[in-house]
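> What follows is a predicted structure for the sequence shown.
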Amino acid sequence: MRRLLVPLLLAACVEGEAGGWAGTVETLANGAVRVSNPVQGSWREGAGWRLVPELTLGSVDEGPQAFGFIVDIEVADDGRIFVLDRQSNALHIFDADGTHLRTSGRSGQGPGEFVRANGMAWLPDGDSLLVVDAQGGRYHIFDSDGTYARTVLRSLPGFPLAFEGAIFDGRVYERSSRRRDGAVEFVLIGTALGAGSPLTDTLSFPPQPAALESFRFESNAGIMVMNVPFAPVQAWQAVADGSLWWGHGSDYRILRLSPAGDTLREIVSAAAALPVTAEDIAEWEQQPGTRSFLDMGGRIERDRIPRQKPYFTELYIDPEARLWVDVPTVDGITAFDVFDADGRLLGRLSTGVRRLRWVKPLVRNGRLYVVAADELDVPNVHVLRIAPDPVDAT
């Protein structure tokens, strides 16, 4: 078992600069590097990247774009878009222009069929797509055209709404949890995709700075639990070499950890957290999940709701090893702080939409792909071209 433990950081300072960037780079006593970022990144007013709407997939009409519940998306190098719809248990494939090419999969328990598909990921060869069917206890592998190839058994407990994992070292890793010394420990459990024992490796997350916050009540119908809104949680993103980007939204501090648990790099930002407003709480109270909790007899303890939002909620890596950090905004529109591969802040990008939180965004082929619901609550896939400067944003 390999454990990802965070060692004590001792500083020995060295100044660093990249273009218009005004932060500092420090080499620490243990050899790790700390990158301290000011609020302003290297992009200056009117000279940073832009996100230009290019394509939207989704329709209320019948057909392959009449999505019911998008649970994941993937994109091929040639621009083809793969949309996994959990409601229909189907994998829809479109070309880069949005033309439907093929639909694979269906409900069932046979080869290439899903009980409740909940995620996707490309295998390292780039030509094979893994479709996760957690409730069905299987990983299905399709070729890049959507043809079923084979199945690998999944032996992990639990059926998460959406796949939380990564593929590296010949295994598919999923986030799970276990109790140790009376506390909940989060781990990544790896399943070999080749021959051999299904459960082959476990990687541990660093301890959480605080316990998960939730509202809970018991009734004759059972126990119901709902997360406290705006409470910070841990965020992570595995890298192909087995290392891990990890952070907790209680502080704008993100660590790059080696597979052995050593801290390789630390990214710090001076950005301030946003306050939680009365309007934020009122909007949260009107959400279907909250209303259901209240209708069943649950009680909201308002004094447990944080007064400030997390510094960030999720982390993503693009093909150029840039780090995209999902940050809360005043209006709820999805935005990302973008850091270069060394951890220097480039700037912030707004998507113009409120993405569905369970569907991971993707950066591929110079585009950002996000999923959001339209005014009729139909899920849409938004393709946003990343324009490097204002001249190219026309």
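Yes, it's here.
> Touching, residue 41 and residue 347? I think so.
Yes: using Cβ atoms under 8 Å, residue 41 is in contact with residue 347, at 4.0 Å. (Each C-beta comes from the backbone N, C-alpha and C, glycine too.)
> just checking, residue 204 touches residue 185?
Yes: under the criterion of Cβ under 8 Å, residue 204 makes contact with residue 185 at 6.4 Å.
> Listing partners with orientation, what would you give for the helix or strand harbouring residue 191?
Here residue 191 is covered by strand 183-192, with elements defined by DSSP states H and E. Here the strand partners of strand 183-192, with direction, are listed using DSSP bridges: strand 171-180 (antiparallel), strand 199-204 (antiparallel).
> Could you point out which residue ranges in the protein have low pLDDT?
Scanning the chain with the threshold set as pLDDT under 70 gives 1-19, 196-198, 200, 221, 389-394.
> want to throw the strands paired with strand 183-192 into CSV with distance to residue 277 and mean neighbour count?
Supplementary listing: those in CSV, determined by distance: least, Cβ to Cβ, whole Å; neighbours: other Cβ atoms under 10 Å:
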stretch, distance to residue 277, mean neighbour count
strand 171-180, 31, 17
strand 199-204, 37, 16
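> In a markdown table: the ones you listed, plus distance to residue 143.
Conversion of the strands paired with strand 183-192 to a markdown table gives the following (distance: least, Cβ to Cβ, whole Å):
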| stretch | distance to residue 143 |
| --- | --- |
| strand 171-180 | 17 |
| strand 199-204 | 25 |
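> and residue 285, which of these is closest to it?
Of all the strands paired with strand 183-192, it is strand 171-180 that lies closest to residue 285, at 28.2 Å by Cβ to Cβ.
> Please save the CA atoms from that closest one in PDB.
In PDB, the C-alpha atoms belonging to strand 171-180 read as follows (Å, rounded to 0.1, in the frame of the first residue of the first chain):
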ATOM      1  CA  ARG A 171      -5.500   0.200 -13.600                       C
ATOM      2  CA  VAL A 172      -8.700   2.100 -13.200                       C
ATOM      3  CA  TYR A 173      -8.800   3.900  -9.900                       C
ATOM      4  CA  GLU A 174     -12.000   5.000  -8.200                       C
ATOM      5  CA  ARG A 175     -12.500   7.100  -5.100                       C
ATOM      6  CA  SER A 176     -13.800   5.100  -2.100                       C
ATOM      7  CA  SER A 177     -13.800   5.400   1.600                       C
ATOM      8  CA  ARG A 178     -13.100   3.200   4.700                       C
ATOM      9  CA  ARG A 179     -13.200   3.700   8.400                       C
ATOM     10  CA  ARG A 180      -9.800   3.600  10.200                       C
END
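> Now tell me what touches stretch 281-298 from outside.
Judged by Cβ atoms under 8 Å, 6 or more residues apart in numbering, the contacts made with stretch 281-298 from elsewhere in the structure are 215, 217, 219, 221, 224, 226, 229-230, 300, 302, 305, 332.
> Kindly recompute the last result at 6 Å.
Counting by Cβ atoms under 6 Å, 6 or more residues apart in numbering, the neighbours of stretch 281-298 from elsewhere in the structure are 217, 219, 224, 226, 229.
> A helix includes the last one, no?
In other words, residue 229. No: residue assignment for residue 229, taken from DSSP: H, G, I helix; E, B strand; the rest coil, gives coil, which places it outside any helix.
> Check which helix or strand the closest residue to it other than its chain neighbours maps to.
Residue nearest to residue 229 in three dimensions, not counting chain neighbours: residue 284, with 4.7 Å by Cβ to Cβ, 6 or more residues apart in numbering. Using DSSP H and E, the element containing residue 284 is helix 278-285.
> Show me which parts of that helix are buried, residue by residue.
Across helix 278-285, burial judged by 16 or more other Cβ atoms under 10 Å covers 280-281.
> Using neighbour counts, pick out the buried residues of whichever helix or strand comes after that helix.
Scanning forward in sequence from helix 278-285 by DSSP H and E, the next helix or strand is helix 288-295. Residues of helix 288-295 classed as buried under the neighbour-count rule (16+ other Cβ under 10 Å) are 290, 293.
> Adjacent strands (with direction) for the helix or strand following helix 288-295?
As assigned by DSSP H and E, the chain's next helix or strand after helix 288-295 is strand 314-317. Partners of strand 314-317 in the sheet, by DSSP bridges, are strand 323-327 (antiparallel).
> what comes into contact with the strand it pairs with?
Outside of strand 323-327, the residues that reach it under the criterion Cβ under 6 Å, 6+ apart are 312-316, 335-339.
> going on from it, what's the next piece of helix or strand?
Moving toward the C-terminus from strand 323-327, the first helix or strand encountered (DSSP H and E) is strand 335-339.
> How far off centre is the helix holding residue 284?
Relative to the centre of its chain, helix 278-285 is centred 24 Å away, using Cα atoms, centre = their mean, to the nearest Å.
> what do you get for stretch 33-53?
Counting by Cα atoms, centre = their mean, stretch 33-53 comes out at 21 Å from the chain centroid.
> then that stretch to PDB, C-alphas only?
The C-alpha coordinates for stretch 33-53 follow below in PDB (Å, rounded to 0.1, in the frame of the first residue of the first chain):
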ATOM      1  CA  VAL A  33       8.600  24.000  -4.800                       C
ATOM      2  CA  ARG A  34       6.100  26.600  -3.500                       C
ATOM      3  CA  VAL A  35       4.500  28.900  -6.000                       C
ATOM      4  CA  SER A  36       2.800  31.900  -4.400                       C
ATOM      5  CA  ASN A  37       0.400  33.700  -6.700                       C
ATOM      6  CA  PRO A  38      -1.100  37.200  -6.300                       C
ATOM      7  CA  VAL A  39      -4.700  37.800  -7.100                       C
ATOM      8  CA  GLN A  40      -3.800  39.200 -10.600                       C
ATOM      9  CA  GLY A  41      -2.300  36.600 -12.900                       C
ATOM     10  CA  SER A  42      -0.100  37.100 -16.000                       C
ATOM     11  CA  TRP A  43      -3.100  38.000 -18.200                       C
ATOM     12  CA  ARG A  44      -3.800  41.700 -18.200                       C
ATOM     13  CA  GLU A  45      -7.100  43.500 -18.900                       C
ATOM     14  CA  GLY A  46      -8.100  42.800 -22.500                       C
ATOM     15  CA  ALA A  47      -5.100  40.600 -23.200                       C
ATOM     16  CA  GLY A  48      -6.100  37.200 -21.800                       C
ATOM     17  CA  TRP A  49      -7.800  34.200 -23.200                       C
ATOM     18  CA  ARG A  50     -11.500  34.200 -24.200                       C
ATOM     19  CA  LEU A  51     -14.100  31.500 -24.400                       C
ATOM     20  CA  VAL A  52     -16.000  31.700 -27.600                       C
ATOM     21  CA  PRO A  53     -19.300  29.600 -28.000                       C
END
